[in-house]
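Enquirer: Here's a sequence, model it:
(3 chains)
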Amino acid sequence: MPELPEVETVCLALSKILNNSEVSNIEIFRKDLRWTINDNLETDLKEKILKKPYRRGKYILIPTSKEHILLFHLGMSGTIKILSGEYKVFKHDHVKIKIETEDNNFFTIVYNDPRRFGYVDFFHISKIKNHFLLKKLGVEPLGKDFTIQYLQKKMYNKSKCVKNFLMDQSIIAGIGNIYASEILYEANISPLRTVDKLNKEHLKSIITATKFILKKSINAGGTSIRNHLQPDGNLGYFVQKLKVYGKNKSKCNKCNNVIVLININNRSTYYCSNCQR
DNA sequence: CGGCATCCCTGGGAGC
DNA sequence: TGCTCCCAGGGATGCC
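Expert: Numbers count the residues shown, from 1 in each chain, chains lettered A, B, ... in the order given. Reported below is the predicted structural model:
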């Protein structure tokens, strides 16, 4: 589930408690995630001071004052919980980190991931440029490098369909299966259209729609955390106002056509074949 | 190399 | 109630 807006929302919530907070304890219950968690996480993270987290694509990065980075990737089913007070370990909790804030409050941060497609890593900041997961990431869709020129360059001589293009993390970092459908609906472009059939106007629409949809969802996530922080501390899931994803057989908001569900690269894809060409 | 199918893993819901 | 099948929001890998 977690795409850019959800990861951004988790980052925002974490940043409220991670601002020169000290790691007082760390427990790892299961190391065999998408990759095996490095042994140094357990030994080296203790007593480190955690600074404000930030996001890169779908990755959460938490710098320490000792020049390290704590990295989380939520995969398909990962969540992060933030809790104050006692916490009883739950099924699929893999990593539990206790922290003490600057003003002496205690919190527990829990990484839970049933399918274990996610990952947790801890490494020296000098390795960030060549980190095997981070080095291949493309531009940030909310950043200034996400331009028509950039897209044109990346599309050159490519034949894949625009939906797969948007979801390619080495081109644009952070868009997943849900938001790819939502963005193309907003841009009135068929997910099946191949990128060599996109003109400048299409690219402009894609950029505008991407920024609009992602920002709107981040705002919704922020609101959801303020108003509906669940008692179990669970973050990363919030009610999204989706217009096409999961809406097959219901009516398109813009015309009287019916939203259809198709399969692209083995992923569910929803669109209006009337509005989206 | 690009594009696509397959696989990793667990759980939930539909259908019988 | 229980079984089977299919599906799930990520992404690496291997094959053609």
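Enquirer: Identify the spatial nearest neighbour of the residue of the stretch 101-250 of chain A found nearest DNA strand B, chain neighbours not counted.
Expert: Per CB to the nearest atom of the strand, residue A:115 is where the stretch 101-250 of chain A lies closest to DNA strand B, at 3.3 Å. C-beta: built from backbone N, CA, C; applies to glycine. Setting aside the residues directly before and after it, residue A:115 is nearest to residue A:77 in space (CB to CB, 6 or more residues apart in numbering), at 4.3 Å.
Enquirer: so how far is residue A:119 from the one you found?
Expert: Separation of residue A:77 from residue A:119 (CB to CB, to the nearest Å): 13 Å.
Enquirer: okay, those two: which has more neighbours?
Expert: residue A:119 (20 against 16; other CB atoms under 10 Å).
Enquirer: how about the residues of the stretch 151-277 of chain A near DNA strand C?
Expert: Contacts of the stretch 151-277 of chain A with DNA strand C, taken as CB under 7 Å from any atom of the strand, map to A:167, A:169, A:176-178, A:237, A:240, A:266-268.
Enquirer: So which of the residues you listed belong to strands?
Expert: Of those, the ones assigned to strands by DSSP state E are A:267-268.
Enquirer: May I ask which two of the residues of the stretch 151-277 of chain A next to DNA strand C are separated the most?
Expert: Largest separation among these by CB to CB: A:237 and A:266, giving 23.4 Å.
Enquirer: who touches residue A:213 in this structure?
Expert: A:179, A:182-183, A:186 (CB atoms under 8 Å, 6 or more residues apart in numbering).
Enquirer: ok but it is inside a helix, no?
Expert: Yes - assessed with DSSP: H, G, I helix; E, B strand; the rest coil, residue A:213 lies in a helix.
Enquirer: distance of it from residue A:89?
Expert: For residue A:213, the distance to residue A:89 (CB to CB) stands at 36 Å.
Enquirer: OK, contacts around the residue of chain A positioned farthest from its centre?
Expert: Farthest-out residue of chain A from its mean C-alpha position, per CA atoms, centre = their mean: residue A:256, at 32.8 Å. Contact analysis of residue A:256 by CB under 8 Å, 6+ apart lists nothing.
Enquirer: residues in contact with the closest residue to DNA strand C within chain A?
Expert: Ranked by CB to the nearest atom of the strand, the top residue of chain A for proximity to DNA strand C is residue A:176, at 1.9 Å. Going by CB under 8 Å, 6+ apart, residue A:176 touches A:2-4, A:58, A:167.
Enquirer: hang on, the earlier thing: give the residue from residue A:237 and residue A:266 that has the larger number of neighbours.
Expert: residue A:237 (15 against 5).
Enquirer: so what's the more buried one scoring on pLDDT?
Expert: For residue A:237, the model assigns a pLDDT of 57.
Enquirer: shaky segments in the stretch 101-250 of chain A?
Expert: Confidence mapping of the stretch 101-250 of chain A against pLDDT under 70 gives the ranges A:222-240.
Enquirer: where along it do the strands fall?
Expert: Remark: strands assigned in the stretch 101-250 of chain A by DSSP state E, counting those that start in this stretch are A:106-112, A:119-124, A:234-235.
Enquirer: Please work out which residues outside the longest one touch it.
Expert: Same thing as strand A:106-112. Contacts to strand A:106-112, defined as CB under 8 Å, 6+ apart, come from residues A:14, A:17, A:21, A:24, A:72, A:78-85, A:87, A:90, A:92-101, A:118, A:120, A:233.
Enquirer: Drop anything exposed from the residues you listed.
Expert: Among those, those classed as buried by 16 or more other CB atoms under 10 Å are A:14, A:17, A:21, A:72, A:78-83, A:87, A:92-99, A:101, A:118, A:120, A:233.
Enquirer: so of the residues you listed, which ones are in strands?
Expert: Within the buried ones among the contacts of strand A:106-112, residues falling in strands by DSSP E are A:21, A:72, A:79-83, A:93-99, A:120.
Enquirer: Out of these, which comes closest to residue A:261?
Expert: Closest to residue A:261, out of all of these and judged by CB to CB, is residue A:79, at 26.3 Å.
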